[in-house]
Every structure is written in structure tokens, then in C-alpha cells.
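**Student:** Predicted coordinates and the sequence they were generated for:
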Amino acid sequence: MKGGGEDAARIESFSDALWMERGLSRNTLSAYQSDLAKVADWLHNNRGYGLLQAKRADLQSYLAHLVKQGRKPRSTARLLSCIRQFYQFSLREGWLSTDPSVRIDSPKLGRPLPKSLSEGEVEALLNAPDLDDAEGMRDRTMLEVLYAAGLRVSELVDMRPEQVNLSQGVMRILGKGGKERLVPMGDEAQSWLERFYSGARIELLGERVCSHLFPTRRGQGMTRQAFWYRIKKHAASAGITHSISPHTLRHAFATHLLNHGADLRVVQLLLGHSDLSTTQIYTHVARERLKQLHATHHPRG
């Protein structure tokens, strides 16, 4: 951080407190630290002082600067939430007597629908990897599990063999905030896991040992970024032209369940959402899909 050690130490203390009190993931804490460090740098470069000397007008100017650079409202709202939490923590610690982030309006947010895939596109994506290759077999298995269980990509790449119970057909998933959930994998994903574990995984590892269920050829766990690259490669092979990410299959999992009549609360449990309102976005996706089908196929659509 360009803006001095005091801000860096305060941000570190704030991050430690979030980890202790709320059990946030490493990725979330890293994002919070990065955002606050950028605020501190901007303040030092443009105002000559740090986070604890900032005024409401300074913070508003910084947010306006980001908007001019093209930062989206949802991203700006997340940043403002992080800033507010930092200053609330600073008040609690006695570093400040007033909170400069009060009375700063959050940007108005629309409700964007998550990008999903049709069932045909999912089928094409699943069939894209080359099954004559050990990496292709691993990728096919990962895609099958991702779609069958609606996992977050971090939950998939961090998965250990001991989390999978093939005899019972369930996986023990460690989600956000260290919350555990049991997720059924389905016969198809179970079959692919059995084939992968007894064949391609052994070929990928050779004599090496890896604690991750899905290793690379180097015998290490795969990163989220590497798997994202693999998905985009297979999507291109499958002829899927629109933007796709590992999270797209999680959206497809939820949307297709609802399209086929699943209860919203069941989908909530399977996704590991703590709040039903988070899951309700998928009812909008399903509704939009029904409207499209009606418009396409109904004689008076």
C-alpha cells in the first residue's frame, strides 16, 4: 500500500476481526483488504491523509471517481458496504469518534438475472471434453459434479476424496462461512466419479499423492482460474458463443430444478443459501424462460 503503514495495520486488524466474528472466506477477506487499500491509496494521493482522517465528502469523491471509470452500481454498493463496516469497526475500537461514511447513499440496483444455460447447451458442454485423455476425463467428471450438485467453483476445486460417499451417493460440502451441507450427486455424476477415481485420477497422479479430489498433471490441486479457463475452452468446442463461467452451471442447476417443479426451499438447501431471498432470483429466471417458450411455441404468443 502506497499510503503508509498505519492504514495497512488498521485494515489488517479489521480483516482479523471479520474472520474471528463472521468466519468469512479467504477470498472475501482478500477482496475487502484490496478494496480498502485502494481507498487508502486514493486518499493519500489526492487528499494527503489516510482512512481515519477522511471526511464524508472525500469518500463521496472517491465513489464518484470509480463511477466515472465505469464501475458498476452493484460493485460500488459492495465497496460502500465494506467501507461502512470498516468505519463501524473503527468506532468500536475507539480510533474514531464520528463515522464519515454515514449518509452516503448507496447506488440504486436493478435485479439482474443470472446467466444460465439451456438444457441442450449443458448437454453439449458436458460432451465437449476428450474422454481419451486423462485431463478430459477429469474435466468431464468435474462438469458433471458441478451441474449435478450446483456447487460453487471453490467448493469443487477444493474438494477432498473423503468428502465423497460413493456408496450413499452424497457429498459433504464445506460452503461459505464454514457451513457444511450434504448434497446428493445423482446416478450420472456418481458413475463419472467412480470411473475417474479408479482410472484417470491414478493416471494424472502417477506415484504422487494429492489431497485434492481433482488434481492437475503436476499432482496439485486445480485453481479456480485454471478451471475457468478449461470451461471456456470446452464451451468453445461445444459451440456455446455467449459468456460462460463455472458459476453459470450453478445457475443452470438451480434454474433447471425449478423448471422441472422443484420446491424453492429445497433448491435453497442444495445451493447452501442462508437466506431464501437469495434463491428467489431463480424463480425470475424460470419465469423468463417460460415466457420465452410461450412466445416461441404458442400460436398466440
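**Tutor:** Cool, got the structure. Residues are numbered from 1 along each chain as shown.
**Student:** Just the buried positions in the helix or strand hosting G136, please.
**Tutor:** Using DSSP states H and E, G136 falls within helix 134-149. Under the neighbour-count criterion of 16 or more other C-beta atoms under 10 Å, helix 134-149 has 134, 136-149 buried. The way it works is simple: take the backbone N, C-alpha and C, and place the C-beta from them, glycine included.
**Student:** next one: stretch 62-77
**Tutor:** Result for stretch 62-77 [16+ other C-beta under 10 Å]: buried residues Y62, L63, L66, T76.
**Student:** Next, P215: phi, psi?
**Tutor:** P215 has phi and psi values of phi -80, psi 160 when expressed as degrees, to the nearest 10.
**Student:** Report the mean confidence score over the helix or strand that the helix holding G136 is followed by.
**Tutor:** Using DSSP H and E, the helix or strand that follows helix 134-149 in sequence is helix 153-157. On average, the pLDDT along helix 153-157 is 91.
**Student:** Numbering from 13 from now on, please.
**Tutor:** Yep, numbering from 13; the last one is helix 165-169 now.
**Student:** Show me the shaky parts of the stretch 113-262 of the chain.
**Tutor:** For the stretch 113-262 of the chain, the stretches with pLDDT under 70 are 119-127.
**Student:** Just the strands from it, written as ranges.
**Tutor:** 176-177, 182-186, 192-196 (DSSP state E, counting those that start in this stretch).
**Student:** Select, out of these, the one closest to G211.
**Tutor:** For G211, the closest of those is strand 176-177, at 15.6 Å, according to C-beta to C-beta.
**Student:** what separates the closest one from the chain centre, distance-wise?
**Tutor:** Centre-to-centre, strand 176-177 and its host chain are 23 Å apart (C-alpha atoms, centre = their mean, to the nearest Å).
**Student:** Note down every partner strand of it and its orientation.
**Tutor:** Taking DSSP bridges as the criterion, strand 176-177 forms sheet pairs with strand 182-186 (antiparallel).
**Student:** May I have the partner strand as CSV, with CA atoms only?
**Tutor:** Provided in CSV are the C-alpha atoms of strand 182-186 (Å, rounded to 0.1, in the frame of the first residue of the first chain):
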residue,chain,number,x,y,z
VAL,A,182,-23.8,-37.9,-1.3
MET,A,183,-21.1,-35.2,-0.9
ARG,A,184,-20.3,-33.3,2.2
ILE,A,185,-19.7,-29.7,1.1
LEU,A,186,-17.9,-27.0,3.1
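**Student:** Off-centre distance for it?
**Tutor:** 17 Å.
**Student:** In that strand, which residues are buried?
**Tutor:** Applying 16+ other C-beta under 10 Å to strand 182-186 flags V182, M183, I185, L186 as buried.
**Student:** In terms of distance to G60, which of those residues ranks first?
**Tutor:** Nearest to G60 out of the buried residues of strand 182-186 is L186 (C-beta to C-beta; 44.8 Å).
**Student:** Now do the contacts for that closest one.
**Tutor:** Going by C-beta atoms under 8 Å, 6 or more residues apart in numbering, L186 touches E167, D170, Q175, E192.
**Student:** now the closest residue to the last one other than its chain neighbours: how far from H254?
**Tutor:** The reference is to E192. Excluding the flanking residues, the one nearest E192 by C-beta to C-beta, 6 or more residues apart in numbering is L186, at 5.8 Å. As defined by C-beta to C-beta, to the nearest Å, L186 lies at a distance of 31 Å from H254.
**Student:** Over to L205?
**Tutor:** L205 sits 29 Å away from H254, going by C-beta to C-beta.
**Student:** which of these two has more neighbours?
**Tutor:** Counted by other C-beta atoms under 10 Å, L205 and H254 do not tie: L205 has more neighbours, with 23 against 9.
**Student:** what residues are up against the residue nearest to Y159 when sequence neighbours are not counted?
**Tutor:** Distance criterion C-beta to C-beta, 6+ apart; nearest residue to Y159, sequence neighbours excluded, is L261 at 4.8 Å. The contact partners of L261, by C-beta under 8 Å, 6+ apart, come to L129, V134, L137, L155, L158, Y159, G162, I243.
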